[in-house]
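> Test case, fold it:
(2 chains)
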2 protein chains.
Amino acid sequence: MTAKEGDAYDSPLFYLVMQYAHRADRDVVGMVSGSPDWDPPAAVRDGLREYADGEPADFQYAPSEGLRELREEIAARRNVDSDRVVVTNGAGEANYLAMARAMERDAGDEMVLTDPVYPYYPGKAQMLDAETVTVPVATDGSLNLDSMRAAVSEDTACVVVNTPNNPTGAVYDRESVAELAALAEANDALLLVDEVYDHFDFSGRFESALTLDSENVVVTSAYSKTMAITGFRVGYAVFPDALVEAAKTRHMLVNVATSRPAQAAVLRSLRETPPEYYEAARDRLRDRIDAFTDALDAAGASYTEPDGGFYVLARFDDFPGTLDNVKTLIDEAGVAGMPGEAFGEAYDDWIRFALCTPRADDAAARLADYFSASDD
Amino acid sequence: MTAKEGDAYDSPLFYLVMQYAHRADRDVVGMVSGSPDWDPPAAVRDGLREYADGEPADFQYAPSEGLRELREEIAARRNVDSDRVVVTNGAGEANYLAMARAMERDAGDEMVLTDPVYPYYPGKAQMLDAETVTVPVATDGSLNLDSMRAAVSEDTACVVVNTPNNPTGAVYDRESVAELAALAEANDALLLVDEVYDHFDFSGRFESALTLDSENVVVTSAYSKTMAITGFRVGYAVFPDALVEAAKTRHMLVNVATSRPAQAAVLRSLRETPPEYYEAARDRLRDRIDAFTDALDAAGASYTEPDGGFYVLARFDDFPGTLDNVKTLIDEAGVAGMPGEAFGEAYDDWIRFALCTPRADDAAARLADYFSASDD
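Below is the predicted model of the structure:
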């Protein structure tokens, strides 16, 4: 069950597929990337404009750990002490800081990951010289707690999970995550919970791991998806008290600080964006998922019905989720997805489709046409 | 000659001094930080405004290695192939990528640094588990090549220098840097040249290490100082062909990409800002240095006359550059500088003053008053 981390590290398959789709000699509905295609909140744009009119001093270094007011807004929303918050260059850096901290604690050098897995996790693990152990999730996408218990040991530095999950769409229930936190505590390991899709819970069951109030849990997130600003790189990590200072030091030594125009825009948006913005984004996504899965039903394909996040996994008979098959779909059906094999072995029969396009129903119709024609 | 890297890593002295000055019960001229107090180019502000009006797609991930057009602008100015350019979260990340790459090459685990040294270098070295060897510069601030030759060996992973130099103000001549590149080549090491003050050369002698065209040289820089936007975090590294892909991978795994509004603003500024902007910034700084050093002359203090950069080092009789003495100057003279001991041992008798204030002449007059009163 060793992750194929070399793939993730050496060649971002994601970019390869995007490039292939871009060069295709036909119209292709792009469903590879999880970059929102909808508008960011108006307050993000206003925040940038306001920032552009600022004094010279506003253009200089923000505090290394993030603008004080931004950290306080985050802390108030997450119901934690603002001292525990580090504003990072997106969830990507937040996850890096947490995994690096886990390795530096000298309490194990293994990372326990799920299969399927977001490829950046094994990539970061390899970069940090960690061993990786991957644990297949249950067939419904939920955590297989027995397997997790068997995998976590004194050698474990960090258990890494993501909920709502990319790519499965699973939302882990609070009890399962609590069980992982207890496992981490019992084995002197950290539990890293990446909650970057927290605003896209369709199940109503999502609860942040911060509510567990564990000294072994690090929670990360970002505004990339929530505010449709993946390019801004404003995320954060909430560390336990005992670990936060060292994380701040690494953040300072790697990045000095997070880009200030982006922080200022996010701060204004947190203050001004009404709940309706987030609801509309969630509703839009749910509508797309419904249209896409209806067409998949019509095509007789299997698929995962996501409880959260941006993605539907679909499986077509005798058509495993390899890079070659994904290229075939681009060329012959005009739909680009991500090969399931990019996420490990558990879902390598599947193809991931990101609902970040207004043409999700077109895409599903094309897939239905393609596979019914192949059946003839 | 071991660096006191623990200090730099654990407690950023810089912040301590700023905080102390901020809390002082009197007016203090702040000369601690190298954050420009002057206006960024108008095109930076315009670039942010233009970006704020963009399409949703403009708010999403930039390419991991940086916006293509920005990399091409940088490459054209530095006369290198744009494939060698990685746009980073400031020079801070650029230096981190270079030093991490040097360690990963498995060709030594020592970093050879100068004394005095910019404290982030030993901090990063410690974070990367490198041994550090520090080599005092000559009394005029120039590189002591004999000592460098003695320090560089097969154990050397990386030689790190900064020109124009912080804190000495030295501009290393091309021959000295070429000698370091040859030393790096002979010992299978990298030479990292941080050129972040390249637009602030008063000597006319500065030449980029990129002109050496060595397979062992990495050059880093940023727009932080050049465009007075330390808060934007837009920098870059130019790697040799053989090393650039691995550096891009680390950049992706740590930060995914650099913040896009900041990249867009810098791109517009590179295209539109006239040479007069940069000349005016240089002239302003030179005027301040002249006013400051004239007053130091009047006070009978020793000081370094910078050939480049933002800083003057001054030495006062029987008043070494300790943190305690710096605090005394804040409280009793109303001038805040950086303790020379923050940069190593070679200049621990000195205090560094950043010319990032319009009140440099006031500060020098206050210092003159204070020290002439102490003499009585």
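
> Could you give the backbone dihedrals for the closest residue to residue A:145 other than its chain neighbours?
Spatial nearest neighbour of residue A:145, excluding adjacent residues (C-beta to C-beta, 6 or more residues apart in numbering or on different chains): residue A:179 at 5.5 Å. Every residue, glycine included, has its C-beta placed from N, CA and C. Main-chain dihedrals, residue A:179, degrees, to the nearest 10: phi -60, psi -40.

> swap in residue A:181?
Taking degrees, to the nearest 10 as the convention, residue A:181 sits at phi -60, psi -40.

> what about the closest residue to it other than its chain neighbours, neighbour count?
Spatially, and ignoring its direct neighbours in sequence, residue A:181 is nearest to residue A:214 (4.4 Å; C-beta to C-beta, 6+ apart). Residue A:214 has 19 neighbouring residues, counting by other C-beta atoms under 10 Å in any protein chain shown.

> Surely residue A:214 and residue A:189 touch.
No - Residue A:214 is beyond contact range of residue A:189, at 11.3 Å (criterion: C-beta atoms under 8 Å).

> How about the residues of the stretch 1-150 of chain A by chain B?
Contacts of the stretch 1-150 of chain A with chain B, taken as C-beta under 8 Å from any C-beta of the partner chain, map to A:9-10, A:12, A:15, A:33, A:35-40, A:44-46, A:48-49, A:51-53, A:56-62, A:64, A:89-90, A:92-93, A:96, A:120, A:123-124, A:127.

> From those, keep the buried residues only.
Neighbour counting by 16 or more other C-beta atoms under 10 Å in any protein chain shown classes A:9, A:12, A:33, A:35-37, A:39-40, A:44-45, A:48-49, A:51-52, A:58-62, A:64, A:89-90, A:92-93, A:96, A:120, A:123-124, A:127 among the residues of the stretch 1-150 of chain A next to chain B as buried.

> need the next SSE after the longest helix seen in chain A, C-terminal direction.
When chain A is parsed with DSSP state H, its longest helix is helix A:275-298. Once the chain leaves helix A:275-298, the next helix or strand it forms, by DSSP states H and E, is strand A:302-303.

> Each with direction, which strands does that following strand pair with?
Strand pairing for strand A:302-303, determined by DSSP bridges: strand A:311-315 (antiparallel).

> Now tell me what touches the partner strand from outside.
A:34, A:166-169, A:289, A:292-293, A:296, A:301-306, A:321, A:337, A:340, A:347, A:349-355, A:367 (C-beta atoms under 8 Å, 6 or more residues apart in numbering or on different chains).

> related to what we said a few turns ago, so, in contact with chain B or not, the longest helix of chain A?
No - judged by C-beta under 8 Å from any C-beta, helix A:275-298 stays clear of chain B, getting no closer than 11.6 Å.

> Report the buried residues of that helix.
A:277, A:281, A:285, A:288, A:289, A:291, A:292, A:293, A:295, A:296.

> pLDDT at residue A:373, what is it?
pLDDT for residue A:373: 76.

> among the contacts of strand A:311-315, which are in helices?
Those of the contacts of strand A:311-315 lying in helices (DSSP H): A:289, A:292, A:293, A:296, A:367.

> Correct me if wrong: the second one contacts residue A:360.
Yes - here residue A:292 lies in contact with residue A:360, judged by C-beta under 8 Å, at a distance of 4.4 Å.

> Identify the contacts common to these two.
In contact with both residue A:292 and residue A:360: residue A:353, using C-beta under 8 Å, 6+ apart.

> counting contacts, what elements does the helix or strand harbouring residue A:49 pack onto?
Using DSSP H and E, residue A:49 maps to helix A:42-52. Using 3 or more C-beta pairs under 8 Å, 6 or more residues apart in numbering or on different chains; DSSP states H and E, the elements in contact with helix A:42-52 are helix A:260-272, helix B:42-52.

> Only C-alpha atoms, please: export that helix in PDB.
Taking Å, rounded to 0.1, in the frame of the first residue of the first chain, the C-alpha atoms of helix A:42-52 are listed here in PDB:
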ATOM      1  CA  ALA A  42     -17.400  42.100  -5.000                       C
ATOM      2  CA  ALA A  43     -15.700  42.900  -1.700                       C
ATOM      3  CA  VAL A  44     -12.500  41.100  -3.000                       C
ATOM      4  CA  ARG A  45     -12.400  43.500  -5.900                       C
ATOM      5  CA  ASP A  46     -13.200  46.500  -3.800                       C
ATOM      6  CA  GLY A  47     -10.500  45.400  -1.300                       C
ATOM      7  CA  LEU A  48      -7.900  45.400  -4.000                       C
ATOM      8  CA  ARG A  49      -9.000  48.800  -5.200                       C
ATOM      9  CA  GLU A  50      -8.900  50.300  -1.700                       C
ATOM     10  CA  TYR A  51      -5.500  48.800  -1.200                       C
ATOM     11  CA  ALA A  52      -4.200  50.300  -4.400                       C
END
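
> what residue ranges in chain A score low on pLDDT?
For chain A, applying pLDDT under 70 flags the ranges A:1-12, A:374-376.

> Strands of that one, residue ranges please.
With DSSP state E, the ranges of strands along chain A come out as A:29-30, A:85-88, A:110-115, A:131-136, A:156-162, A:190-194, A:217-222, A:235-238, A:302-303, A:311-315, A:335-336, A:338-339, A:351-354.

> got those as CSV, with mean neighbour count columns?
Shown next, in CSV, are these (neighbours: other C-beta atoms under 10 Å in any protein chain shown):
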stretch, mean neighbour count
strand A:29-30, 22
strand A:85-88, 27
strand A:110-115, 26
strand A:131-136, 20
strand A:156-162, 27
strand A:190-194, 28
strand A:217-222, 28
strand A:235-238, 27
strand A:302-303, 17
strand A:311-315, 23
strand A:335-336, 26
strand A:338-339, 26
strand A:351-354, 28
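
> And the helices in the stretch 51-200 of chain A?
Ranges of helices in the stretch 51-200 of chain A, per DSSP state H, counting those that start in this stretch, are A:68-78, A:90-104, A:120-127, A:145-151, A:174-186.

> Spit out the contact partners of the closest residue to residue A:232 other than its chain neighbours.
Once flanking residues are discounted, residue A:232 sits nearest to residue A:262: 4.0 Å by C-beta to C-beta, 6+ apart. Residues near residue A:262 by C-beta under 8 Å, 6+ apart: A:229, A:232, A:233, A:234, B:259, B:261, B:262.

> please redo it, this time with the cut-off set to 6 Å
By C-beta atoms under 6 Å, 6 or more residues apart in numbering or on different chains, the contact list for residue A:262 reads A:232, A:234, B:259, B:261.

> State the distance from it to residue B:72.
Going from residue A:262 to residue B:72 by C-beta to C-beta, to the nearest Å gives 23 Å.

> burial of residue A:140, as a residue count?
Neighbours of residue A:140 (other C-beta under 10 Å): 10.

> what do you get for residue A:300?
12.

> measure it to chain B for me?
34 Å (C-beta to the nearest C-beta, to the nearest Å).

> With adjacent residues omitted, what lies nearest to that residue?
Nearest to residue A:300 is residue A:371, by C-beta to C-beta, 6+ apart, at 7.7 Å.

> Residue A:273 now?
residue A:41 (4.1 Å).

> Residue A:67: what's it in contact with?
Per C-beta under 6 Å, 6+ apart, neighbours of residue A:67: residue A:263.

> try it again with 10 Å
Residues near residue A:67 by C-beta atoms under 10 Å, 6 or more residues apart in numbering or on different chains: A:73, A:87, A:257, A:258, A:260, A:263, A:264, A:266, A:267, B:231.

> which one among those gets closest to residue A:197?
residue A:266 (17.1 Å; C-beta to C-beta).

> How many residues are close by the residue lying closest to that closest one once chain neighbours are set aside?
Nearest residue to residue A:266, sequence neighbours excluded (C-beta to C-beta, 6+ apart): residue A:234, at 4.7 Å. By the criterion of other C-beta under 10 Å, residue A:234 has 26 neighbours.

> Can you verify my assumption that residue A:234 contacts residue A:263?
Yes - judged on C-beta atoms under 10 Å, residue A:234 makes contact with residue A:263 at a distance of 5.8 Å.

> hey, what's in contact with both of those two?
By C-beta under 10 Å, 6+ apart, the residues touching both residue A:234 and residue A:263 are A:66, A:70, A:87, A:223, B:259.
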